[in-house]
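Peer 1: Provide a 3D model corresponding to the input given below.
(chains A and B)
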Protein chains: 2
Amino acid sequence: MCQLLGMNANAPKDVMFSFAGLAARADEHKDGFGIAFFEGRGLRLFVDPASARDSLLAEAIQRYPIHSEVVIAHIRKATQGVVALANTHPFARELWGRYWVAAHNGNLLDFQPRLHAAFRPVGDTDSERAFCWLMQELAKAHCTVPSVAELTLTLRELLPYVHRHGSFNLLLSNGEALWAHASTKLHLLERRHPFTATRLVDADLSLDFSRNAADTDRVALVATEPLTADEAWQALAAGELAVLQHGSRVA
Amino acid sequence: MCQLLGMNANAPKDVMFSFAGLAARADEHKDGFGIAFFEGRGLRLFVDPASARDSLLAEAIQRYPIHSEVVIAHIRKATQGVVALANTHPFARELWGRYWVAAHNGNLLDFQPRLHAAFRPVGDTDSERAFCWLMQELAKAHCTVPSVAELTLTLRELLPYVHRHGSFNLLLSNGEALWAHASTKLHLLERRHPFTATRLVDADLSLDFSRNAADTDRVALVATEPLTADEAWQALAAGELAVLQHGSRVA
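Peer 2: Numbering: from 1, shown residues only, chains lettered A, B, ... in the order given. Predicted structure coming up:
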């Protein structure tokens, strides 16, 4: 199994406080890490088959924080697929002239969908196979570029087909919205005014958001386990799909 | 216009000596840089709309050299498309379960091909448009996964369609081979035993390859301008396509 972190904000934000909390869990989840940052339509994707604790790349990323409106991060504990760069989440593809990024926590059994179109796995994980199938089916379901609401409707139809094969906690984004599908474990936090100080569960690190944040700032976070000790993280139910846009959960 | 650097080796190599030579030219080519490293089927792609001279990312990459069999690097001087992450080369897509990467030096006029299939530009450069069209046409030309030789035949048919629209120096790779298409300016170097010491043209930096290289090592480099002062770089002719595999040029 793995650990996931997703962030969506209404203005570009540095996610390194939360990433530090995630990386602190990398002792157990040592088979690679990755982090994807959307900047407008552009994408920065960093992947490394080393542990986020030892990775020189993770160190470099934490030293030069990147501001982004949507971030998806993952630390891997391999279940299917060897430890290799090609098997390291998040995965990225292009669809309708936008990059799409996905990371998965879980384990899918006997999930061998027919991949007959333009999306094929490069590595050999169940996760990338599921992502390619979702991209294929999204592409088939819409003949013009769909809205976030339309994409959400289609995803609500598609995700159960994967979920029935096992645990399928998924973060998915095209830079416009962040979709978080819960299966066994995923927690959501909406951070907004009035901001307070908070501290990480897994590392001796605190941050007072009231010092830097503007009153209008909105940030939504999703993570496998709550990352901070004193904020109101909400557990998502099995099969629940949360859609985050402009830093908030949308209906 | 921009500057290109490509490397193909028969064993994973650190390309940072050559990249330092490229980055030294980033004063003029300051509108972004990118570098893609293949590791087996896996891909690390670093892009930054900042100059390679100032970029904290470029500094981090040079501090932690990555070993790779195929590298494509690019420093950008914008001609078409604003300075933005989405317009920063190299670009990447997936086809037949392999990542494909391209970087372009040149300027294409009135190149608006019909993109009716699975590859669409995310940004607004002529370069990404050409790459998407090449991917689309490669996908249409082969119903099963083609060999490097078959891909080369198809590329020899396709590249002139783009080239007639302007200057089109292109580096393209799927991790198996590196294709270098020359239009106005591209130079090739094959480095092999006996290795010698060499120094960069644009930076006060020397390296004695005879100290580290094994007798069997083979490295092929392509660059817009020769990067080193005392090696036999060969200019490619307009329209010439060089195919590099296992560190050597293949017929």
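Peer 1: Low-confidence ranges, chain A, go.
Peer 2: Across chain A, the ranges flagged by pLDDT under 70 are A:1.
Peer 1: Flag every residue of it that's near chain B.
Peer 2: Within chain A, the positions near chain B by Cβ under 8 Å from any Cβ of the partner chain are A:39-49, A:56-57, A:60, A:63-64, A:84-88, A:92-99, A:117-123, A:139. Placement of C-beta: from N, CA and C, glycine included.
Peer 1: Chain A: helices as residue ranges?
Peer 2: All helices of chain A, identified by DSSP state H, fall at A:16-23, A:56-63, A:126-141, A:148-163, A:209-212.
Peer 1: Please indicate which of the residues of chain A next to chain B are buried?
Peer 2: A:39, A:41-49, A:57, A:60, A:84-88, A:92-99, A:118-123, A:139 (16 or more other Cβ atoms under 10 Å in any protein chain shown).
Peer 1: From B:M16, how far out is A:F46?
Peer 2: Using Cβ to Cβ, to the nearest Å, A:F46 is found at 18 Å from B:M16.
Peer 1: Can you give the distance of stretch A:171-180 from its chain's centre?
Peer 2: Its chain's average C-alpha position is 8 Å from that of stretch A:171-180, according to Cα atoms, centre = their mean, to the nearest Å.
Peer 1: and what of stretch A:188-195?
Peer 2: A distance of 18 Å separates the centroid of the chain from that of stretch A:188-195, by Cα atoms, centre = their mean.
Peer 1: how about it: buried residues?
Peer 2: Of the residues in stretch A:188-195, A:188-192, A:195 count as buried by neighbour count, 16+ other Cβ under 10 Å.
Peer 1: Not counting that stretch itself, show me its contacts.
Peer 2: Stretch A:188-195 is contacted from outside by A:180, A:208-210, A:213, A:215-223, A:226, A:228, A:231-234, A:236, A:242, A:247-249, using Cβ atoms under 8 Å, 6 or more residues apart in numbering or on different chains.
Peer 1: Just give me the neighbour total for A:L186.
Peer 2: 25 (other Cβ atoms under 10 Å in any protein chain shown).
Peer 1: Wait, it touches A:Q3, no?
Peer 2: No. If you go by Cβ atoms under 8 Å, A:L186 and A:Q3 don't touch, sitting 10.5 Å apart.
Peer 1: which residues do these two both contact?
Peer 2: Shared contacts of A:L186 and A:Q3, defined by Cβ under 8 Å, 6+ apart, are found at A:105, A:223-224.
Peer 1: how about A:D110, what does it touch?
Peer 2: Counting by Cβ under 8 Å, 6+ apart, A:D110 touches A:H165.
Peer 1: any idea how far it lies from chain B?
Peer 2: From A:D110 over to chain B the distance is 20 Å, taken as Cβ to the nearest Cβ, to the nearest Å.
Peer 1: tell me the contacts of the residue of the stretch 51-200 of chain A found nearest chain B?
Peer 2: With Cβ to the nearest Cβ, the shortest gap between the stretch 51-200 of chain A and chain B falls at A:L85, namely 2.7 Å. Counting by Cβ under 8 Å, 6+ apart, A:L85 touches A:32, A:47-49, B:39-44.
Peer 1: Looking at these, which are in strands?
Peer 2: Secondary structure assignment (DSSP state E) places A:47-48, B:39, B:42-44 from these within strands.
Peer 1: re earlier: take the shared contacts of A:L186 and A:Q3 and write them to TSV, including neighbour count.
Peer 2: Output for the shared contacts of A:L186 and A:Q3, formatted as TSV (neighbours: other Cβ atoms under 10 Å in any protein chain shown):
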residue	neighbour count
A:N105	27
A:A223	26
A:T224	22
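Peer 1: Go through these and flag which are in strands.
Peer 2: Among the shared contacts of A:L186 and A:Q3, the residues falling in strands (DSSP E) are A:105, A:223.
Peer 1: The closest residue to A:W179 other than its chain neighbours pairs with what?
Peer 2: Using Cβ to Cβ, 6 or more residues apart in numbering or on different chains and skipping residues adjacent in sequence, the residue nearest A:W179 is A:L172, 4.5 Å away. Following DSSP bridges, A:L172 is listed with bridge partners A:A102, A:W179.
Peer 1: Please name the residues that touch the residue nearest to A:D230 when sequence neighbours are not counted.
Peer 2: Spatial nearest neighbour of A:D230, excluding adjacent residues (Cβ to Cβ, 6+ apart): A:T198 at 5.5 Å. Contacts for A:T198 (Cβ under 8 Å, 6+ apart) come out as A:206-209, A:228-231.
Peer 1: Among the ones in strands among the contacts of A:L85, which pair sits farthest apart?
Peer 2: A:D48 and B:L43 (12.0 Å; Cβ to Cβ).
Peer 1: What is the burial count for A:H67?
Peer 2: 14.
Peer 1: what about the residue nearest to it when sequence neighbours are not counted, how many neighbours?
Peer 2: Of all residues not flanking A:H67 in the chain, A:P12 sits nearest, at 3.8 Å (Cβ to Cβ, 6+ apart). Using other Cβ under 10 Å, A:P12 has 14 other residues around it.
Peer 1: List the contacts of A:P12.
Peer 2: Contacts of A:P12 by Cβ under 8 Å, 6+ apart are A:39, A:67-69.
Peer 1: just to revisit the earlier point, of the contacts of stretch A:188-195, grab the buried ones for PyMOL.
Peer 2: Only the buried members of these enter the following PyMOL selection, criterion being 16+ other Cβ under 10 Å:
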select buried, chain A and resi 180+209+213+217+218+219+220+221+222+223+226+228+233+236+242+247+249
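Peer 1: distance of the closest residue to A:T184 other than its chain neighbours from A:P226?
Peer 2: Distances taken as Cβ to Cβ, 6+ apart place A:S167 nearest to A:T184, at 4.6 Å, with adjacent residues excluded. Distance from A:S167 to A:P226, counting by Cβ to Cβ: 19 Å.
Peer 1: Equivalent analysis for A:F38, please.
Peer 2: Computed as Cβ to Cβ, the A:F38 to A:P226 distance reads 24 Å.
Peer 1: Likewise for A:T196?
Peer 2: Remark: distance between A:T196 and A:P226 (Cβ to Cβ) = 15 Å.
Peer 1: before we move on, the earlier item: so which of the ones in strands among the contacts of A:L85 would you say is closest to B:L155?
Peer 2: Within the ones in strands among the contacts of A:L85, the smallest distance to B:L155 is 19.8 Å, found for B:L43 (Cβ to Cβ).
Peer 1: for that closest one, which residues make a bridge with it?
Peer 2: Applying DSSP bridges, one finds that B:L43 bridges with B:F38.
Peer 1: And for A:S68?
Peer 2: Beta bridges link A:S68 to A:K13, judged by DSSP bridges.
Peer 1: From what I see, A:E69 and A:K13 are in contact.
Peer 2: Yes. Using Cβ under 8 Å, A:E69 is in contact with A:K13, at 7.4 Å.
Peer 1: Need the residues that contact stretch A:112-121.
Peer 2: Defining contact as Cβ under 8 Å, 6+ apart, one finds that stretch A:112-121 is touched by A:93, A:128-133, A:135-136, A:139-140, B:94-97, B:117-119, B:139.
Peer 1: repeat that with 7 Å
Peer 2: By Cβ atoms under 7 Å, 6 or more residues apart in numbering or on different chains, the residues outside stretch A:112-121 that reach it are A:93, A:128-129, A:132-133, A:135-136, A:139, B:94, B:96-97, B:118.
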